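1. A structural model of the following input is requested.
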Amino acid sequence: MPTAETSKPGFYIKWFSGMVHNPHASLVRQRAMGYRPMMIGGHSSKEPRASQPSRNLADGTWPELKLDDPLNVSQIVNRHLLKQNRSAVESVFELAGLITTCCVDLFDPYQVSEDYLFLDFFENSIGQASDKVANYLRNFKGSVSEFKQGIVTADIMDITSETELMIELDDILDELHTLKLVLTDQKSVAQDMNRTLRESDRDASASAYVNTKTLESHLQRIEQMEQAASKAEKTLHRLVDLKQKQASLTEAWYARESAKDTARQGKTVVVFTVVTIIFLPVSFIAAIFAIDSNGFRRDKDDKIPFGYMLTYILSIGLTLSIPLIVIAFNVDRIARWFRSLRGMFGRFWHISIVIALAAAVLTAVIGPVWTSKLAGGIKASVSIVLIMLLVVAAIGLTMHKLMTSLSRKVSVTTSSGSSWAS
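-> Numbering: from 1, shown residues only. Predicted structure coming up:
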């Protein structure tokens with residue numbers, strides 16, 4: 001035991017340098033580890049006991065240590081100093097390197113318990129994410145196989161799970177990048193400290209003071225985890241892209257099926273249209289024959305003969321139905337023909353339509369007037385009035401077009417003058 005007369009600085013220097021290897025030093029180490037010799041029957045025995053609170057160094061004894069916290073740097077340093085086969089600490093530079101190395105090796109996977117292996121947490125999360133990506137790919141493959149059989153599932157168009165997993169992987173990559181920056185800074189500081197201590201120490205042949213193998217191991221593991229997470233994220237992006245393409249193909253398939261249904265419905269509508277075109281004139285003429293009138297031929301029983309009625313119904317009905325059926329089956333051709341006529345006549349197309357409508361209205365009005373039993377003067381007066389109305393309408397339409405064209409020319413002239421002035 002170092003006595004009170006022993007100088008404490010000298011004791012510390014010898015203890016740090018590893019020169020204190022006597023039974024008393026062993027006793028100090030045993031007390032630090034929680035062992036205290038006990039006398040049983042006159043013989044010395046060792047019994048583990050709990051560490052006592054630290055005592056004052058006035059009596060020259062070394063304080064008892066509590067070696068329970070795996071993240072306590074001072075305890076890590078003490079455990080290293082208590083080793084029997086450790087190398088001696090010969091200078092303050094080596095002591096500084098030892099303390100820094102203990103700080104660097106704080107999360108050494110070979111020295112801490114599983115609860116402090118934080119990189120394993122990231123590896124487990126990345127492994128689970130990779131398994132999820134593989135499951136999503138298998139499910140997508142199954143959905144595509146079912147789609148080939150005509151079975152469309154909702155999962156083939158749902159990317160909610162993939163989006164959530166992409167967010168999780170992005171968060172993992174961000175955290176790994178942050179850890180990488182921190183460890184890179186620590187490695188840089190350790191290298192700078194090695195260089196500074198080597199320059200300050202007289203022993204130029206000394207090895208590195210701070211061991212950076214743990215930092216390099218952590219950086220290598222982070223690099224591998226970043227590659228694995230990036231690979232899973234790229235696979236997930238490809239899966240989402242495949243789902244989007246499959247959704248487009250599904251929509252195209254639905255559009256094609258809808259077009260087929262529309263075509264079938266169109267054919268059905270054409271059939272009903274033809275039936276309507278045939279029976280509508282026939283029904284109209286049959287309704288006329290149902291009128292109780294003396295203008296139809298009648299037999300001795302005062303009834304319209306069936307042959308007489310059928311002749312008029314079929315002849316007039318088919319005369320009206322056949323042209324309408326032809327028009328119904330050639331609507332596109334007739335529309336193209338009208339467009340070609342419009343291109344041929346150009347600006348006279350609208351005028352020709354107006355003239356044709358006016359002629360139709362005039363014929364529809366004047367025809368019944370001239371075929372009626374009215375006097376000749378009345379017929380002539382009605383015809384003249386109608387013609388004058390048509391002439392006035394034509395003059396008004398012409399004046400409207402002239403005024404419109406004149407106003408356009410004035411507006412164009414005004415805008416061009418203002419542009420030149422500016």
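
2. Please enumerate the helices of the stretch 151-300 of the chain.
-> 160-200, 213-289 (DSSP state H, counting those that start in this stretch).

3. Could you list every helix and strand in contact with the first one?
-> Using 3 or more CB pairs under 8 Å, 6 or more residues apart in numbering; DSSP states H and E as the contact criterion, the elements in contact with helix 160-200 are helix 92-104, helix 118-148, helix 213-289. C-beta: built from backbone N, CA, C; applies to glycine.

4. how about CSV for the helices of the stretch 151-300 of the chain, with distance to residue 339 added?
-> Below are the helices of the stretch 151-300 of the chain laid out as CSV (distance: least, CB to CB, whole Å):
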stretch, distance to residue 339
helix 160-200, 50
helix 213-289, 22
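
5. would you list the ones you listed in JSON lines and tack on mean pLDDT and distance to residue 131?
-> Below are the helices of the stretch 151-300 of the chain laid out as JSON lines (pLDDT from 0 to 100; distance: least, CB to CB, whole Å):
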{"stretch": "helix 160-200", "mean pLDDT": "87", "distance to residue 131": "11"}
{"stretch": "helix 213-289", "mean pLDDT": "87", "distance to residue 131": "9"}
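
6. As CSV, those with mean neighbour count and distance to residue 92 would be great.
-> Shown next, in CSV, are the helices of the stretch 151-300 of the chain (neighbours: other CB atoms under 10 Å; distance: least, CB to CB, whole Å):
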stretch, mean neighbour count, distance to residue 92
helix 160-200, 15, 9
helix 213-289, 14, 23
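
7. before we move on, the earlier item: now distance to residue 175 too, for the helices and strands packed on helix 160-200, in CSV please.
-> Converted to CSV, these look like this (distance: least, CB to CB, whole Å):
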stretch, distance to residue 175
helix 92-104, 21
helix 118-148, 7
helix 213-289, 10
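
8. for those, which one sits closest to residue 399?
-> helix 213-289 (43.2 Å; CB to CB).

9. now that closest one, how far from the chain's geometric center?
-> 18 Å (CA atoms, centre = their mean, to the nearest Å).

10. Could you figure out how far that helix is turned away from helix 92-104?
-> 30 degrees (axes from the mean of the first three to the mean of the last three CA atoms, to 10 degrees).

11. Kindly report the domain assignment for the chain.
-> Recorded structural domains for the chain (assignment: automatic domain parsing) are 1-86, 91-261, 352-409.

12. which one of the ones you listed is the most hemmed in?
-> domain 91-261 (a mean of 15; mean count of other CB atoms under 10 Å).

13. where does the stretch 251-400 of the chain have low pLDDT?
-> For the stretch 251-400 of the chain, applying pLDDT under 70 flags the ranges 295, 344-350, 369, 372-374.
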